[in-house]
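Participant: fold the following and give me the result.
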Amino acid sequence: MKRDHDGAMNPNHPLIGFNREVLNVQQWTIIRRDFLACLQAEKRICWQEPNKLWRHSQEALGKWILSQIARAGDEVDMLTYHFFPTDSIRRTFPNGESYDEQLVRDLSIKSNGVEDSGVSDIICGIVKQFQLARRCTEAAQRVDSVVQEMLGGSVAKPKLRKVEEGDPTRTPAQKRIRGPLAEVAVQWPSSKRGEATKNCPPVSIPWAAFCKLRRSFDHLSAKGEAALYRTCSFTDEDIFLCRAAAVMLRYEGGLATGSLQLCADTLLKQHLHARGYRVMDLCASPINAYMGVPRVGSFATTHDADASSLDVEQEKPNYFCSAFYDTDVFFGSLGSALRVNPVEVYHNTVVNPDKAPLLLTYDVPYDEDLCELMFTKLTRDMHLVETLDQAVQIDYVLVLPLWWDIQLPITKVFFENGKRSLSKDGTADLERIIQEKASVLQKGYPVPYNWTHTLKKACRSSEEAPNWSCFDGVFVGDGYRYFCTSTNKWLEGVTATEVIGLAQPQPNRTEKNLPLEKALNEFYGEER
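Facilitator: Here you go, the predicted model:
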């Protein structure tokens, strides 16, 4: 079942994809443990939360993987880019070397390196000496070697278990998930024993998120996958489970970066959807991408609802952008936001069949490096749509942690604990808070950025030029809630947040007639 008609292995078979992901997690787990040992062995570093160093180092290494993926050259076929940045892929990077600065920064701010540049230098030395890039290339080679040896029934299979909320067998991590959950474990063949079966523990996501994967797959990929791979012994359910399990392993087992499964206010996206937009997330995953139904709402109602769009049975499968095209394409991914052309998306008859106005969201990117890359590309995309002869309507919403002093050609609106402030004292507080939050970027190992300046210029290049920026709201206190898809829970007080609306200037759209501005002010409590 894993081979083509001529007897050659089909590397795209769902079972092969699942087994490759198991091997990726096993190899990556070994690398992560070795890296942790190096961090713990360095006594000159004082970790702020030593008991959480395993989790923090996992998350930092997951973001390191994302930084490498973001730099893959256009000549790299992302369907064949399977997690590890190998030598051949790294040679397509702008300077031909791995990008380690974000990893050093993430570790420095979890240690006494937040104030001591000497400690950041020590961390730099550890990262350099560890040679992550070389280890990843060797790991990928080992994975490829095992994949090539797969024969007959000597492959692992995914094993699905639904675990109810009150089940006493839930692990501490599983108890954080609201409602029932889907657990995927590896069912090893009898020929596999000992070390070959270690380092790939079960992974879990909310059952609602698992059902979301099923709806997306059924709508977008099931028919084509069945035509290619269905047999008497390999059913439609087997195909789906292999594809879904690979996604779960990639994000929960490999990436292990829980903050990447946060969603901005899902009710905002439903509201914009109801106002006529085709809403599409640009930095998402199959697990957290927006697939809600259009529904008019308001910011105030987010505090009354405990449910999520994951609980809506009428969810419509939707397209999105994500880092891992090889695992995510079966659930609607169009690939990386750094590669996608928004104009082509607008005209794509499959993605946007009714030519609805396109609303592209940059949703909570917790990574300074990726923000620099994504928002630099955003400014290029804004220029692209401005210079087109053909008619398109592409607007953007950015939801960001309040880490940057972003000065756009529009007055900021201040929200404290969810309420809009109109007082002069509130404006003064806003300036102080922004400066205070932005100063955090200067602590620890700094990652340089310039996108805040280029975005300001892209919004309005001169006083006579039209203005893209139509909304800039800053939320402090506990007012802005995020939805965590990995736990199926709303979270309050995560971080101060900035919400930016960018509306494409059009000949018939004046600054007093911007649908996005009207929709955002309507949602946040004041219609102009």
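
Participant: what strand or helix carries L241?
Facilitator: helix 236-248 (DSSP states H and E).

Participant: in the chain, what helix or strand scores lowest on average pLDDT?
Facilitator: helix 424-438 (a mean of 72; mean pLDDT, DSSP states H and E).

Participant: next secondary structure after it?
Facilitator: Counting by DSSP H and E, what follows helix 424-438 is helix 451-459.

Participant: parallel or antiparallel, list what pairs with the helix or strand that that next one is followed by.
Facilitator: Next along the chain after helix 451-459, taking DSSP H and E as the criterion, comes strand 469-476. Here strand 469-476 has these sheet partners by DSSP bridges: strand 413-416 (parallel), strand 497-502 (antiparallel).

Participant: domain map for the protein?
Facilitator: 14-150, 157-255, 266-283+337-525 (the TED database).

Participant: check contacts around the residue positioned nearest the centre of the chain.
Facilitator: The centre of the chain sits closest to A284, judged by C-alpha atoms, centre = their mean, with a distance of 3.9 Å. Neighbouring residues of A284 by C-beta atoms under 8 Å, 6 or more residues apart in numbering: 290, 320-322, 363. Backbone N, C-alpha and C define where each C-beta goes, glycine included.

Participant: filter these to the buried ones?
Facilitator: 290, 320-322, 363 (16 or more other C-beta atoms under 10 Å).

Participant: if we can go back for a sec, for I394, find the nearest of the strands paired with strand 469-476.
Facilitator: Of all the strands paired with strand 469-476, strand 497-502 sits nearest to I394, with 9.3 Å by C-beta to C-beta.

Participant: wait, doesn't D281 sit right on L358?
Facilitator: No: in terms of C-beta atoms under 8 Å, D281 does not count as a neighbour of L358; the distance is 12.0 Å.

Participant: need the residues touching each of the two.
Facilitator: Here D281 and L358 share no contacting residue, scored by C-beta under 8 Å, 6+ apart.

Participant: parallel or antiparallel, list what pairs with whatever helix or strand comes next after the helix holding L241.
Facilitator: Using DSSP H and E, the helix or strand that follows helix 236-248 in sequence is strand 262-263. The strands that strand 262-263 pairs with in its sheet are strand 482-484 (antiparallel) (by DSSP bridges).

Participant: buried set for the partner strand?
Facilitator: 482-484.

Participant: mind checking pLDDT for G258?
Facilitator: With respect to pLDDT, G258 has a value of 63.

Participant: name all residues that make contact with V397.
Facilitator: 268, 272, 359-362, 499-502, 516, 520.

Participant: got the residue ranges for the helices in the stretch 251-400 of the chain?
Facilitator: 266-274, 325-328, 342-347, 368-386 (DSSP state H, counting those that start in this stretch).

Participant: and the nearest residue to D478 once chain neighbours are set aside, how many neighbours?
Facilitator: Among residues not flanking D478 along the chain, G493 sits closest, at 4.4 Å (C-beta to C-beta, 6 or more residues apart in numbering). As a burial measure, G493 scores 12 neighbours (other C-beta atoms under 10 Å).

Participant: circling back to that earlier point, closest to R142 among the buried residues of strand 482-484?
Facilitator: C484 (33.9 Å).

Participant: separation between the closest one and L360?
Facilitator: 22 Å (C-beta to C-beta, to the nearest Å).

Participant: give me the contact list for stretch 81-93.
Facilitator: 20-21, 24, 27-28, 65, 68-69, 71-73, 75-76, 96-99, 133, 136-137, 139-141, 143, 250, 254, 324-326.

Participant: show me the shaky parts of the stretch 351-500 of the chain.
Facilitator: Along the stretch 351-500 of the chain, segments meeting pLDDT under 70 span 364, 422-428.

Participant: buried set for stretch 472-479?
Facilitator: For stretch 472-479, by 16+ other C-beta under 10 Å, it's 472-476, 479.

Participant: could you list the low-pLDDT ranges of this structure?
Facilitator: 1-9, 151-153, 258-261, 301-315, 364, 422-428, 507-513, 526-528.

Participant: in it, which spans are strands?
Facilitator: 157-163, 181-187, 203-206, 262-263, 278-281, 358-363, 394-401, 413-416, 419-421, 469-476, 482-484, 489-491, 497-502 (DSSP state E).

Participant: which one of those lies nearest to T349?
Facilitator: strand 278-281 (12.3 Å).

Participant: what's in contact with that closest one?
Facilitator: In contact with strand 278-281 (C-beta under 8 Å, 6+ apart) are residues 269, 272-273, 288-290, 318-321, 345, 351-352, 354, 356-361, 363.

Participant: how far off centre is that strand?
Facilitator: Its chain's C-alpha centre and that of strand 278-281 lie 14 Å apart, by C-alpha atoms, centre = their mean, to the nearest Å.

Participant: coming back round to it: mind putting the buried ones among the contacts of A284 in CSV, distance to V163 included?
Facilitator: CSV is the format used below for the buried ones among the contacts of A284 (distance: C-beta to C-beta, whole Å):
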residue, distance to V163
Y290, 26
F320, 27
C321, 31
S322, 26
D363, 28
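
Participant: what is the nearest of the residues you listed to L262?
Facilitator: Nearest to L262 among the buried ones among the contacts of A284, counting by C-beta to C-beta, is D363 at 8.0 Å.

Participant: for the closest one, give me its contacts.
Facilitator: Taking C-beta under 8 Å, 6+ apart, one finds 263-264, 281-284, 399 in contact with D363.

Participant: try P206
Facilitator: Contacts of P206 (C-beta under 8 Å, 6+ apart): 177-182, 310, 485-488.

Participant: can I get the residues you listed in TSV with distance to S117?
Facilitator: Listed next are these as TSV, based on distance: C-beta to C-beta, whole Å:
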residue	distance to S117
I177	40
R178	42
G179	46
P180	48
L181	43
A182	45
L310	43
T485	37
S486	34
T487	36
N488	41
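
Participant: turn those residues into a markdown table, including neighbour count.
Facilitator: Formatted as a markdown table, the contacts of P206 follow (neighbours: other C-beta atoms under 10 Å):
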| residue | neighbour count |
| --- | --- |
| I177 | 23 |
| R178 | 19 |
| G179 | 17 |
| P180 | 16 |
| L181 | 25 |
| A182 | 23 |
| L310 | 24 |
| T485 | 27 |
| S486 | 23 |
| T487 | 21 |
| N488 | 22 |
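
Participant: leaving out sequence neighbours, find the closest residue to P94.
Facilitator: Excluding its sequence neighbours, the residue lying closest to P94 (C-beta to C-beta, 6+ apart) is R71, at 6.4 Å.

Participant: for the one you found, give me phi and psi.
Facilitator: phi -100, psi 0 (degrees, to the nearest 10).

Participant: likewise for the one 3 residues further on?
Facilitator: As for D74, its main-chain torsions (degrees, to the nearest 10) stand at phi -60, psi -20.

Participant: now Q187: how far from P158?
Facilitator: Q187 is 7 Å from P158, by C-beta to C-beta.

Participant: how about the contacts made by the residue nearest to A245 when sequence neighbours are not counted?
Facilitator: Excluding the flanking residues, the one nearest A245 by C-beta to C-beta, 6+ apart is P158, at 3.7 Å. For P158, the contact set (C-beta under 8 Å, 6+ apart) comprises 18, 184-187, 241-242, 244-245.

Participant: run a quick neighbour tally on the closest residue to L107 other than its chain neighbours.
Facilitator: Spatial nearest neighbour of L107, excluding adjacent residues (C-beta to C-beta, 6+ apart): I123 at 5.1 Å. Look at I123: counted by other C-beta under 10 Å, it has 25 neighbours.

Participant: same deal with T137?
Facilitator: Neighbours of T137 (other C-beta under 10 Å): 18.

Participant: just the terminal-to-terminal distance for stretch 481-495.
Facilitator: End-to-end distance for stretch 481-495, by C-alpha to C-alpha, to the nearest Å: 9 Å.

Participant: one step back: any idea how far the residue nearest to D478 is from D121?
Facilitator: According to C-beta to C-beta, G493 stands 34 Å off from D121.

Participant: same deal with R142?
Facilitator: Relative to D121, R142 is positioned 32 Å away (C-beta to C-beta).
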